[in-house]
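turn this into a structure:
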Amino acid sequence: NFAWSQSGSRFRLRLGGPWGQGAAILEAEPDRVTLDTGEGRRYRGTDARSLLASVYGWDIPVAALRYWLVGLPGPRTQFSLDEYGRLARLTWQDWRIVYSGYEQVDGRALPSSIRIEREPDARGSVARVKLAVDQWRLGRASDAADANGDNSGPIFSP
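I've put the predicted structure just below:
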């Protein structure tokens, strides 16, 4: 499971196993990134994608996630809309994202079901993730606090 919170260019991504075991927390500001692992180690860097790749070997386009999770295509993305003008699918580099459900949250349509896939890389490794959103909480940064007291909204918790 994971939870995403964001305010402007700051974000926090919590990745965890069942019942919160082995949770890793990635926090980013414009000039620094911190990764706290479930094993109690802390790593620092300047780029979230590079830090996750060096620590875990995961190639996750973190900068693009901030758009994809809220149903926006982001820069340099090919995309198509559904009959309601919402994002239906997009392609960015070797990633494909399909939106199969939306819900109304405070008068805004936000994704409730997202499938994210990466084409095989040079090693033949494929990435596939299906997200079902459990809770959306929107608000100004001062109004939204996640489970650890961090004031940075919106909150996305699949």
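
could you use CA atoms for every contact and neighbour count after this?
OK.

low-confidence ranges in this protein?
17-21, 139-158 (pLDDT under 70).

output the longest helix belonging to it.
Using DSSP state H, we find that the single longest helix of the chain is helix 48-56.

just the CA atoms of the next helix-or-strand element following that one, as CSV, please.
The helix or strand immediately downstream of helix 48-56 is helix 62-68, counting by DSSP states H and E. The C-alpha trace of helix 62-68 is given here as CSV (Å, rounded to 0.1, in the frame of the first residue of the first chain):
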residue,chain,number,x,y,z
VAL,A,62,8.2,10.0,-9.4
ALA,A,63,8.0,13.5,-11.0
ALA,A,64,5.3,12.2,-13.4
LEU,A,65,3.3,10.5,-10.7
ARG,A,66,2.3,13.9,-9.2
TYR,A,67,0.3,14.4,-12.4
TRP,A,68,-0.9,10.9,-13.1
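
relative to the helix or strand following helix 62-68, what are the paired strands and their orientations?
Going down the chain from helix 62-68, the next helix or strand is strand 78-81, by DSSP H and E. Applying DSSP bridges, strand 78-81 is found paired with strand 87-92 (antiparallel).

next SSE downstream of the partner strand?
strand 95-105.

just to revisit the earlier point, packing partners of the longest helix of the chain?
For helix 48-56, the packing partners by 3 or more CA pairs under 8 Å, 6 or more residues apart in numbering; DSSP states H and E come out as strand 32-36, strand 42-45, helix 62-68.

three-state assignment of the residue lying closest to I97 once chain neighbours are set aside?
Nearest non-adjacent residue to I97, counting by CA to CA, 6 or more residues apart in numbering: I116, 4.6 Å away. What DSSP: H, G, I helix; E, B strand; the rest coil gives for I116 is strand.

and I116, how many neighbours?
18 (other CA atoms under 10 Å).

likewise the one 3 residues further on?
Taking other CA under 10 Å as the neighbour definition, E119 ends up with a count of 14.

now swap in A132 and tell me
Neighbour tally, A132, other CA under 10 Å: 14.

in the sheet, who's paired with it?
S113.

nice, that's everything, thank you.
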